[in-house]
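> generate a structure from the sequence data that follows.
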Amino acid sequence: MTDATRDTDAPRDTDATRVVRAGLPDEEPYAPPLPGPVFAAHYHLPGDPAGAPYAYGRDANPTWTGLERAIGELESPDDESVRTVAFASGMGAISAVLFSRARPGSAVVLPDDGYNLLTGMRERLAGFGVEVRTAPTAGDAQLDRLDGASLLWIESPSNPGLDVCDIRRLVDAAHECGALVAVDNTLATPLGQRPLELGADFSVGSGTKALTGHGDVLLGYVACRDAELADGVRQWRKYAGAIPGPMEAWLAHRSLATLELRTQRQAVNARAVAEMLLARPEVSGVRHPGLPGDPAHEQAARQMRRFGCVVSFTLPGKEHAERFLAALRLVGEATSFGGVRSTAERRGRWGGDAVPEGFVRMSLGVEDAEDLVADVRRALDKVAARH
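Predicted coordinates:
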């Protein structure tokens, strides 16, 4: 909807309505609501190219524009100043923020319990002369690392441990120190948490996971309000060539229409499975921000609107966990999370995460909750009978 046609007196749409219409062009007779992907390396460009919306395919594409507009509407529905930049992957988005802001001699603060590829990013930042400080997500540990830093990177809830921090408190402290703040919002999605409305300068997400939810797209994005920050991220995308394909962008935009339905069902399923796991004697360390007794629940309830699809827990060792995964019928053994089909994996097989050998990260999909609970319980019982 254009500014000229926007009805400022219209009632405020809910998430369920907004995701269905986010980023769509004005309705046109006999045209599809979401036009197909635009495949173009270059565009017809008569006259002066200054100000042309599309010139060369590495800089912009109409299909990206629709997706970027849609994500911006979800990240902060009441703020039309939000600018979104789509990337070929979540790591492309992460790299763009870190490398567009970090400079030799500057300092950045990263979580030491976040996405495991951040470990490799620390090494590369240090190689460029950037001081890298780390701190755990839970509690106030990050506050002690802010002095003189130029950027604070938050991942809340953290992956795979599911710890949560007080984003607004950390943002306020970082800004007082002159640091910008980026929040990895992959697990929560914009429907579960809105970092920009909590004061963050960047909201970063992997569209590969719950945002698109079908396991058929690699995608990332960065959303921010400040035009200069957005331009820096966009320029990094241009020079690095980390651009999404038109088909991937179109698939992602198509998938947004069911985001509210998916995330609502996934959160219900995650809590149901987590509650069942709490009663099992062989299971320890059950984590899900939606559990009232979870260490992160109180803070999560203050800043999150949905608690996500991921449950983590620990079984009595590597062999026990692997037998459990093999015994599952409805939960496939796969990495990543946020899909419509439930998946799980033993995280220790990858290395890079400080977790026990029997640590399992489970992503609950949109299957029936009772069916999932029964399947997980049956698999646990089958493995327990062998011990």
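> count the residues that sit near the residue nearest to Leu170 when sequence neighbours are not counted.
Of all residues not flanking Leu170 in the chain, Gln142 sits nearest, at 5.8 Å (C-beta to C-beta, 6 or more residues apart in numbering). Backbone N, C-alpha and C define where each C-beta goes, glycine included. Gln142: 27 surrounding residues under other C-beta atoms under 10 Å.
> I'd guessed Gln142 sits against Leu151; true?
No - counting by C-beta atoms under 8 Å, Gln142 stays clear of Leu151, with 11.9 Å between them.
> overlap in contacts, these two.
Both Gln142 and Leu151 are contacted by Val109, under the criterion C-beta atoms under 8 Å, 6 or more residues apart in numbering.
> quick check: longest helix of this protein.
Scanning the chain for the helix with the most residues, using DSSP state H, yields helix 259-278.
> what lines up beside the helix or strand following that one in the sheet?
Of the helices and strands lying after helix 259-278 in sequence (DSSP states H and E), the nearest is strand 284-287. The strands that strand 284-287 pairs with in its sheet are strand 310-314 (antiparallel) (by DSSP bridges).
> tilt between the strand it pairs with and helix 259-278?
Interaxial angle, strand 310-314 versus helix 259-278 (axes from the mean of the first three to the mean of the last three C-alpha atoms, to 10 degrees): 20 degrees.
> hang on, Gln264 packs against Phe307?
No - counting by C-beta under 8 Å, Gln264 does not reach Phe307; the two are 10.8 Å apart.
> of these two, which one has the most company?
Just comparing Gln264 and Phe307: by other C-beta under 10 Å the higher neighbour count belongs to Phe307, 29 against 15.
> where does the more buried one sit: helix, strand or coil?
Assigned by DSSP: H, G, I helix; E, B strand; the rest coil, the conformation of Phe307 is coil.
> swap in Gly213?
coil.
> check contacts around the closest residue to Arg305 other than its chain neighbours.
Nearest non-adjacent residue to Arg305, counting by C-beta to C-beta, 6+ apart: Gly192, 5.7 Å away. By C-beta under 8 Å, 6+ apart, the contact list for Gly192 reads 185, 263, 267, 304-308.
> which pair in the residues you listed spans the largest distance?
Every pair in these was compared (C-beta to C-beta); the two farthest apart turn out to be Asn185 and Ala267, at 15.2 Å.
> so what pLDDT did Met1 get?
On pLDDT, Met1 comes in at 41.
> which residues in the stretch 51-200 of the chain form helices?
Using DSSP state H, counting those that start in this stretch, the helices of the stretch 51-200 of the chain run over residues 62-75, 90-101, 118-127, 167-176, 189-192.
> quick one: list the elements packing against the fourth one.
Same thing as helix 167-176. Under the contact criterion of 3 or more C-beta pairs under 8 Å, 6 or more residues apart in numbering; DSSP states H and E, helix 167-176 touches strand 151-155, strand 180-184.
> report the buried residues of the last one.
The one in question is strand 180-184. Within strand 180-184, the residues that count as buried by 16 or more other C-beta atoms under 10 Å are 180-184.
> as CSV, those residues with pLDDT would be great.
Below are the buried residues of strand 180-184 laid out as CSV (pLDDT from 0 to 100):
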residue, pLDDT
Leu180, 98
Val181, 98
Ala182, 98
Val183, 98
Asp184, 98
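> quick one: which two of those residues are the most distant?
Leu180 and Asp184 (14.1 Å).
> residues near Gly114, how many?
Gly114, neighbours per other C-beta under 10 Å, totals 25.
> ok, Arg349 next?
As a burial measure, Arg349 scores 13 neighbours (other C-beta under 10 Å).
> so Ala174 touches Arg168, yeah?
No - with contact defined as C-beta under 8 Å, Ala174 does not count as touching Arg168 (10.7 Å).
> comparing these two, which residue is more hemmed in?
Comparing Ala174 with Arg168 by neighbour count (other C-beta under 10 Å), the higher total belongs to Ala174, at 24 against 15.
> measure the more buried one to Gln303 for me?
For Ala174, the distance to Gln303 equals 16 Å [C-beta to C-beta, to the nearest Å].
> pull the helix or strand with minimum mean pLDDT from the chain.
None of the helices or strands of the chain scores lower by mean pLDDT, DSSP states H and E than helix 118-127, at a mean of 92.
> hmm, who's touching it?
The contact list for helix 118-127, computed with C-beta under 8 Å, 6+ apart, reads 94-95, 98, 102, 108, 110-111, 132, 134, 153, 155, 352.
> mind giving me the ChimeraX select for these, buried ones only?
A single ChimeraX command is used to select the members of the contacts of helix 118-127 judged buried by 16+ other C-beta under 10 Å:
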select :94,95,98,102,108,110,111,132,134,153,155
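> relative to Asn269, how far out is the nearest residue in space to Ala257 that is not next to it in sequence?
Spatially, and ignoring its direct neighbours in sequence, Ala257 is nearest to Val20 (4.9 Å; C-beta to C-beta, 6+ apart). Going from Val20 to Asn269 by C-beta to C-beta gives 22 Å.
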